[in-house]
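Novice: give me the fold of what follows.
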Amino acid sequence: MATTGKISGIVSNLVTISVTGPVVQNEICYIMYKDLRILAEVIRIDKNQVFAQVFESTRGIKTGTHVEFSGRLLEVELGPGMLTKVYDGLQNNLYGMENLFITRGLSSPALDVDRKWGFKPLCKTGDEVSAGEWLGEVQEGWIRHKIMVPFRFKEKLKILRIADEGEYNLKEIIAVVKNDKGQEFSLTMVFSWPVKRAVRVHKEKIRPYKILETGIRIIDIFNPMMEGGTGFIPGAFGCGKTVLQHTISKHADADLIVVVACGERANEVVELFTEFPELDDPRTGRKLMERTIIICNTSNMPVASREASVYTGMTIAEYYRAMGLKVLILADSTSRWAQALREMSNRMEELPGPDAYPMDLSAIIANFYARAGFTWLKNHKSGSVTFIGTVSPAGGNFKEPVTEATRKVARAFYALSQSRADSKRYPAIDPIESYSKYLEYDEVRQQLNTIFDIQWTSKISQLMSILIKGKDIKDQIGILGDDGVPVEYHEIYWKSEVIDFILLQQDSFDKVDVSTPLIRQKYMVDLLLSICAQNYNFDHYEKVSTYFKKVINILKQLNYSEFQKSDFTKREAELNLLINERKNIL
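Specialist: This next block holds a predicted model:
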């Protein structure tokens, strides 16, 4: 018999329930208000008192209201038909809602269970399978969606019957399996999985070692992201976090993108809805939305839904990883998620940590980021979940708790600089403050040396050294004036400006410069190193700036030209002429 209870206390969207039977952590319950069933999740149990966070408004609910417990955890439905969908944090299909506004108690099915899918079996009767292994496949858009053994099974199963190739809907049985005890289970193409439980159906999870090409030069060259890696983008408001994430989603070398709008402003979410269906995917030539799933929770939705959204997005990403796909999940912004945790912690009167965040904030963030990774599946295929989140520290303070906690676990750190954003140097990633700890891995360095050349890491160190020197000299010039430092210092400074304008900055509105393939990045690094290696011996600082501004102008036009095409070759000749003219003067 299902456990029931009555509400004994209400604090905003936190309710206290006196229960009459057993309850488990993260169990779903329903508050029976009038003719509505309002969804809530158990987040704390204290003897016969249960604390539950309500995913909708609690207005009108009173003490004594009846509550029913489902005996199930907060789950998502996993199966064909999720691509191109826009869900809220509870996996309600927002395009399936009838009303203009989301009203309390309203829900919509995550999947169309009546839609027919062309099923092709990948195994046969008598085969032994286990959780996560592929039973068959259907064509979902351009992806071959694998129909898997549900993740809940822990033992080996024997296939008694598998459906023939043909058209089936999500309710129809496509396989019957039996365990060692003789129990039979009928399987369909859809199953559920708790969002706060990591999916562990792979054979092995290894350290990321393959570079994830993003097309963004400051990331790929200086602080590369790995396939199956973790990174985060902290920055003050207006520094370009959302635009940077959107650019990554459009051009990253990933099979599938999961975008989680976690408490973002509604206008930014609307941009997702309106832009993505119209954009062409540069990798496939199809619409970008065809490889995208959006989980949407804006800042005016209940705070509890923000927490659910990040877990829903990660669970969907893990599901597609088990199919052998490269999945990129982008969350904007995890600070809103942390604020939701802080609100619930404060309402439960828990011992506060720094800035009133929960004491276990670091552990919660670490456990979540640990769900990303590169995996080997049981059939020797590989899959990966790469996670990149943004953090919105108040006033750009990187010492605040959420940024500090995330910095401990994320391997790549892309710090957005307010000064670079103010001077319109986009993407506003600070090349000196940012880092990628993946460069510490021997296997990563070996791969970079294989992709580019054997001296690649040394070349990047040279570029970084020039940037650091240029920053120091800029500060000196700001204090002493242009004529207060040697001309040689001006030359170093302007060389750093060439690297900044040509490598670090990218034009998101130019169809060529918006994304740079790795082969062109190698060319640009070699070209800039050859320019910076020369000693130009100017006799006055004004000549230095005039000359390098010409160099930057030609290189900018080179960036806007298609690689190795006629216009590119023309700009290249102009640059060589300018360089040789200076050599002749010397």
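
Novice: C-alpha coordinates for the helix or strand where residue 274 lies, CSV please?
Specialist: Element membership for residue 274 (DSSP states H and E) is helix 266-275. Coordinates of each C-alpha in helix 266-275 appear next as CSV, following Å, rounded to 0.1, in the frame of the first residue of the first chain:
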residue,chain,number,x,y,z
ALA,A,266,13.6,34.5,-20.5
ASN,A,267,14.8,36.6,-23.4
GLU,A,268,18.0,34.5,-23.7
VAL,A,269,16.0,31.3,-23.7
VAL,A,270,13.7,32.8,-26.4
GLU,A,271,16.8,33.3,-28.5
LEU,A,272,17.5,29.6,-28.3
PHE,A,273,13.9,28.8,-29.4
THR,A,274,14.0,31.2,-32.4
GLU,A,275,17.7,30.9,-33.6
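
Novice: quick one: list the elements packing against it.
Specialist: Helix 266-275 is packed against helix 241-251, strand 256-264, strand 292-298, with contacts defined by 3 or more CB pairs under 8 Å, 6 or more residues apart in numbering; DSSP states H and E. Every C-beta, even on glycine, is put in place using the N, C-alpha and C of the backbone.

Novice: number of nearby residues for the closest residue to residue 153 other than its chain neighbours?
Specialist: Using CB to CB, 6 or more residues apart in numbering and skipping the chain neighbours, the partner closest in space to residue 153 is residue 131 (4.6 Å). If you count neighbours by other CB atoms under 10 Å, residue 131 ends up with 19.

Novice: check which helix or strand residue 131 maps to.
Specialist: Counting by DSSP H and E, no helix or strand carries residue 131.

Novice: surely it and residue 149 touch.
Specialist: Yes - counting by CB atoms under 8 Å, residue 131 touches residue 149, with 5.3 Å between them.

Novice: what's the distance between the most centrally placed residue in the chain and residue 293?
Specialist: Central residue of the chain (CA atoms, centre = their mean): residue 330, 2.1 Å from the mean position. Computed with CB to CB, to the nearest Å, the distance linking residue 330 and residue 293 is 11 Å.

Novice: got it, and residue 139?
Specialist: Residue 139 sits 17 Å away from residue 293, going by CB to CB.

Novice: of these two, which one has the most company?
Specialist: residue 293 (23 against 13).

Novice: pLDDT wise, what is that one at?
Specialist: Note for residue 293: predicted pLDDT of 94.

Novice: so who does it touch?
Specialist: Shown in contact with residue 293 (CB atoms under 8 Å, 6 or more residues apart in numbering): 82, 83, 84, 85, 87, 256, 257, 258, 259, 313, 316.

Novice: cutoff 7 Å now
Specialist: Counting by CB atoms under 7 Å, 6 or more residues apart in numbering, residue 293 makes contact with 82, 83, 85, 258, 316.

Novice: quick check, pLDDT for residue 263.
Specialist: 72.

Novice: so the nearest residue to it once chain neighbours are set aside, which state does it fall into?
Specialist: In this structure, residue 263 finds its nearest non-sequential neighbour in residue 336, 2.8 Å apart by CB to CB, 6+ apart. Assigned with DSSP: H, G, I helix; E, B strand; the rest coil, residue 336 falls in the helix class.

Novice: distance of residue 336 relative to residue 547?
Specialist: 48 Å.

Novice: neighbour count winner among those two?
Specialist: residue 336 (25 against 18).

Novice: hmm, the more buried one is touching residue 306, no?
Specialist: Yes - contact criterion CB atoms under 7 Å: residue 336 and residue 306 qualify, at 5.3 Å.

Novice: any shared contact partners between those two?
Specialist: The contact lists of residue 336 and residue 306 share 262, 263, where a contact means CB under 7 Å, 6+ apart.

Novice: how is this structure divided into domains?
Specialist: Under the assignment automatic domain parsing, the domains of the chain span 4-73, 86-98+116-194, 204-437, 456-585.

Novice: can you give me the end-to-end span of the last one?
Specialist: Using CA to CA, to the nearest Å, the end-to-end distance of domain 456-585 comes out at 32 Å.

Novice: how far is it from where the chain is centred?
Specialist: How far domain 456-585 lies from its chain's middle: 32 Å, per CA atoms, centre = their mean, to the nearest Å.

Novice: likewise for the third one?
Specialist: Relative to its parent chain, domain 204-437 has a centroid offset of 4 Å by CA atoms, centre = their mean.

Novice: got the end-to-end distance for that domain?
Specialist: End-to-end distance (CA to CA), domain 204-437: 22 Å.

Novice: least reliable of the domains of the chain by average pLDDT, please.
Specialist: When I compare these, domain 204-437 is least confident, with a mean of 91.

Novice: now the closest residue to residue 502 other than its chain neighbours: which helix or strand?
Specialist: Leaving out its chain neighbours, the residue that sits closest to residue 502 by CB to CB, 6+ apart is residue 555, at 4.6 Å. For residue 555, the element it lies in under DSSP H and E is helix 541-559.

Novice: longest helix in this protein, please.
Specialist: Counting residues, the longest helix in the chain under DSSP state H turns out to be helix 456-480.

Novice: how about the strands in the stretch 151-300 of the chain?
Specialist: Using DSSP state E, counting those that start in this stretch, the strands of the stretch 151-300 of the chain run over residues 157-162, 166-168, 175-178, 184-187, 191-194, 204-206, 230-234, 256-264, 292-298.

Novice: who's in contact with stretch 485-497?
Specialist: Applying CB under 7 Å, 6+ apart, the external contacts of stretch 485-497 come out as 466-467, 469-470, 473-474, 476-477, 532, 536, 538-541, 544-545, 548, 552.

Novice: now the residues you listed: which count as buried?
Specialist: 466-467, 470, 473, 477, 532, 536, 538, 541, 544-545, 548, 552 (16 or more other CB atoms under 10 Å).

Novice: redo those residues as TSV? Include distance to residue 122.
Specialist: Below are those laid out as TSV (distance: CB to CB, whole Å):
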residue	distance to residue 122
466	54
467	51
470	56
473	62
477	66
532	54
536	64
538	68
541	69
544	65
545	65
548	60
552	55
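
Novice: just these now: which is nearest residue 55?
Specialist: Distances from residue 55 to these, taken as CB to CB, are shortest for residue 467 (47.1 Å).

Novice: for that closest one, what are its contacts?
Specialist: By CB under 7 Å, 6+ apart, the contact list for residue 467 reads 431, 432, 496, 499.

Novice: measure the last one to residue 524 for me?
Specialist: Between residue 499 and residue 524 the computed distance is 10 Å (CB to CB).

Novice: looking at these two, which one has more neighbours?
Specialist: A side-by-side neighbour count of residue 499 and residue 524, using other CB under 10 Å, places residue 499 first with 22 against 19.

Novice: wasn't the more buried one part of a helix?
Specialist: Yes - using three-state DSSP, the secondary structure at residue 499 is a helix.

Novice: from now on call the first residue 36
Specialist: Sure, I'll start counting at 36 from here, so that last one is residue 534.

Novice: would you check that residue 251 makes contact with residue 542?
Specialist: No - assessed by CB under 7 Å, residue 251 is found out of contact with residue 542, at 11.8 Å.

Novice: so if I had to pick from these two, which one is more boxed in?
Specialist: residue 251 (24 against 13).

Novice: can you give me the strands in the stretch 336-485 of the chain?
Specialist: 361-367, 408-411, 417-426, 447-448, 470-471.

Novice: any chance of the ones you listed in a markdown table, with distance to residue 355 too?
Specialist: Shown next, in a markdown table, are the strands of the stretch 336-485 of the chain (distance: least, CB to CB, whole Å):
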| stretch | distance to residue 355 |
| --- | --- |
| strand 361-367 | 5 |
| strand 408-411 | 12 |
| strand 417-426 | 8 |
| strand 447-448 | 22 |
| strand 470-471 | 25 |
